[in-house]
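> Give the three-dimensional model of this entry:
(chains A and B)
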Amino acid sequence: MTNARWVLLLATLALSCVAGLVIGPVPIGVGDVMRALTGNGDAQTVAIVRDLRLTRVCLAMITGVGLGMSGAALQGTLRNALAEPYLLGVSGGAAVGAVLAVVAGLTAAVALPVAAFTGAAAAVALVLVIARVASGRADPRVLLMAGVVVGAFANAAIMVLLAGAGEGTLRNALWWMMGSVSGADWASVRWLALYAVAAGTLLVAVARDIDLLALGEDAAAGLGVRVSSATRRIFLLSALLAAVTVAGAGLVGFVGLVVPALARALGMRRAREVLVASAVLGAALVVFADVVARTVRAPAELPLGAITALVGVPFFLVRLRRAA
Amino acid sequence: MITIADAVVRYPGAHRNALDGASFEARPGCVTAVVGPNGSGKSTVVRALIGQVALAAGSARVGAFDVATADRRALARTLAVVTQREEPTFPLPARDYVMLGRYPHHGAWSALGPADVAVAEAAAERAGASDLMARRTDELSGGEWQRVRLARALAQGGDVLVLDEPGTFLDVAHEMAAFELLDELAREGRTVMLVSHQLNLVARYAAHIVLLHHGRVAAAGTPADVMRGDVLEPVYDWPLVVARDPAVGAPVLIPLKRR
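Residues are numbered from 1 along each chain as shown, chains lettered A, B, ... in the order given. The predicted structure follows:
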């Protein structure tokens, strides 16, 4: 039963990758795609498959892994099934950091995630402080409101930062704020993958703390968790994962909300299982969403964030009803 | 063994100390009850023992550990706490919940094994929760949940047990069964400390009662020492008498009606 679930998850991911590589404006058969992946076939096909579609699939996977794991960790630690980096304003904070870096001319593939992480960490701290001041304890609904407020503030800050930018930059930035993996290139994919794998592994290492924190702070403390330092560690790792996705693909919402819920619906219970399943499912979901984004109105592309929001918002409303 | 010495706790923004120089002990082999009115500092004692509030002065010791400096997981292998309220955010099978009690025995990467399962099953058996193991935590009644939580605490394997209001949500039979079990666990040599509002029930099971008032120990000793009108009345600030139950001979606190 347990193995069957994992096989299902991995098969879904494999299917999404095949779809991501095969479907596109230039029709290329599955066989040609497979040959092109190993460098065989005509040069144009190889270039399309390896440099356009594969980078795109990789960036979409990294984005899904980051958002899925970040959402899973935040939900357990904050004891809130509605928590996710986008709704909590963490992604917005990361975007401010990234835009600041771009405006300052720091666009190196290694530096952008760091700048985004700084913004994301600041947003996490701000959201928690606002929620605590407003309600004493971290009330789930107040926490979400604080997240929305911080997210709105982040949007405003980005607008101010971009006010002096040229039209080309503005158009790019706008596209990026709606989420997209169309700008994927190997240099950034490599760095983002490195950050995502490092932060994801560290989160899996503290998964037992997440299990215990989901019982409540006092119960976790009674079971050997140093609550404040463990919470801080998990928040920072979640912020780093969210920042990686923002640096690579801009603002993509609701993946972090939907994916952990799906993992739990599949019967995953322990935080470690939920985290790993969320990584796999998140990757598959974002790759599929990107396929949809570039095919439904081809040759035009829809923003990736719009697709995930169209799926995520109804889902959020259902969860909200259940939580209330 | 639990030793609280001259403990002072002040919550940020509070106008007085939650614990104000309290000193008392809970010894192995018997049930120690910490009682007192609302806000007397009972729950603060529990939170101090798990390191959730820092002591501004004094010390809290559990066995060989000083709570302020102890390794948290090592402490959790000695001291198990059943807090007043606890609810898993995401429901899980009771069996998995009881296994959480084994986490303090493992590092991040070491897997829980058959030995842990055996301990958890024995703990469930002991707490009368064996038949609940297949159920989900959100399907349990208040009393069932309380038994499953006790099973989790026993699965931690320590010899010091602290329970905050263990009788809450329990009907008479389950409440009595819970106190009988705690008494039995203490007689086997464990240190059992419980925090409770239920003075009458506590007086029948506890060998040692600590009465807290405004964060200080107002009285401590055997039930006969503490269950006295002249001791309890000023603390609870309500007229009351202590009678002796004609059926079982236990001291019984009876608050008086004003009219």
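
> Could you report the neighbour count for the residue of the stretch 101-250 of chain B found nearest chain A?
Residue of the stretch 101-250 of chain B nearest chain A, by CB to the nearest CB: B:Pro104 (4.1 Å). In short, each C-beta sits where N, CA and C put it, glycine included. Burial measure for B:Pro104: 26 neighbouring residues, criterion other CB atoms under 10 Å in any protein chain shown.

> Make sure it is indeed in a strand.
No. Assignment of B:Pro104 by DSSP: H, G, I helix; E, B strand; the rest coil gives helix, placing it outside any strand.

> what's near enough to touch it?
A:Leu223, A:Gly224, B:Arg73, B:Ala74, B:Ala76, B:Arg77, B:Gln156 (CB atoms under 8 Å, 6 or more residues apart in numbering or on different chains).

> did I read that right, A:Leu317 in a strand?
No. The secondary structure assignment for A:Leu317 gives helix rather than a strand, going by three-state DSSP.

> so what's it up against?
Shown in contact with A:Leu317 (CB under 8 Å, 6+ apart): no residues.

> Return the helix or strand in chain A with minimum mean pLDDT.
Least confident helix or strand, chain A: helix A:167-177 with a mean of 72, by mean pLDDT, DSSP states H and E.

> helices and strands around that one, which ones?
The helices and strands touching helix A:167-177, judged by 3 or more CB pairs under 8 Å, 6 or more residues apart in numbering or on different chains; DSSP states H and E, are helix A:90-103, helix A:140-162.

> counting contacts, what elements does the helix or strand containing A:Ala120 pack onto?
The secondary structure element spanning A:Ala120 is helix A:111-135 (assigned by DSSP states H and E). Contact partners of helix A:111-135 among helices and strands, from 3+ CB pairs under 8 Å, 6+ apart: helix A:90-103, helix A:140-162, helix A:186-205, helix A:227-249.

> With mean pLDDT as added columns, please give those in CSV.
What follows is the helices and strands packed on helix A:111-135, written out as CSV (pLDDT from 0 to 100):
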stretch, mean pLDDT
helix A:90-103, 88
helix A:140-162, 86
helix A:186-205, 93
helix A:227-249, 91
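
> Between those, which one is closest to B:Glu144.
With CB to CB as the measure, helix A:140-162 is the member of these nearest B:Glu144 (25.8 Å).

> Could you export that closest one as PDB, CA atoms only?
Extracted C-alpha coordinates of helix A:140-162, given in PDB (Å, rounded to 0.1, in the frame of the first residue of the first chain):
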ATOM      1  CA  PRO A 140      -4.300  31.000  12.200                       C
ATOM      2  CA  ARG A 141      -6.700  33.500  10.600                       C
ATOM      3  CA  VAL A 142      -4.800  36.500  11.900                       C
ATOM      4  CA  LEU A 143      -1.600  34.900  10.600                       C
ATOM      5  CA  LEU A 144      -3.100  34.700   7.100                       C
ATOM      6  CA  MET A 145      -4.300  38.300   7.300                       C
ATOM      7  CA  ALA A 146      -0.800  39.400   8.400                       C
ATOM      8  CA  GLY A 147       0.600  37.400   5.400                       C
ATOM      9  CA  VAL A 148      -1.800  39.100   3.000                       C
ATOM     10  CA  VAL A 149      -0.900  42.500   4.400                       C
ATOM     11  CA  VAL A 150       2.900  41.900   4.100                       C
ATOM     12  CA  GLY A 151       2.300  40.500   0.600                       C
ATOM     13  CA  ALA A 152       0.400  43.700  -0.400                       C
ATOM     14  CA  PHE A 153       3.200  45.800   1.100                       C
ATOM     15  CA  ALA A 154       5.800  43.800  -0.900                       C
ATOM     16  CA  ASN A 155       3.800  44.400  -4.100                       C
ATOM     17  CA  ALA A 156       3.800  48.100  -3.400                       C
ATOM     18  CA  ALA A 157       7.500  48.100  -2.600                       C
ATOM     19  CA  ILE A 158       8.200  46.400  -5.900                       C
ATOM     20  CA  MET A 159       6.100  48.900  -7.800                       C
ATOM     21  CA  VAL A 160       8.000  51.800  -6.200                       C
ATOM     22  CA  LEU A 161      11.400  50.100  -7.000                       C
ATOM     23  CA  LEU A 162      10.400  49.600 -10.600                       C
END
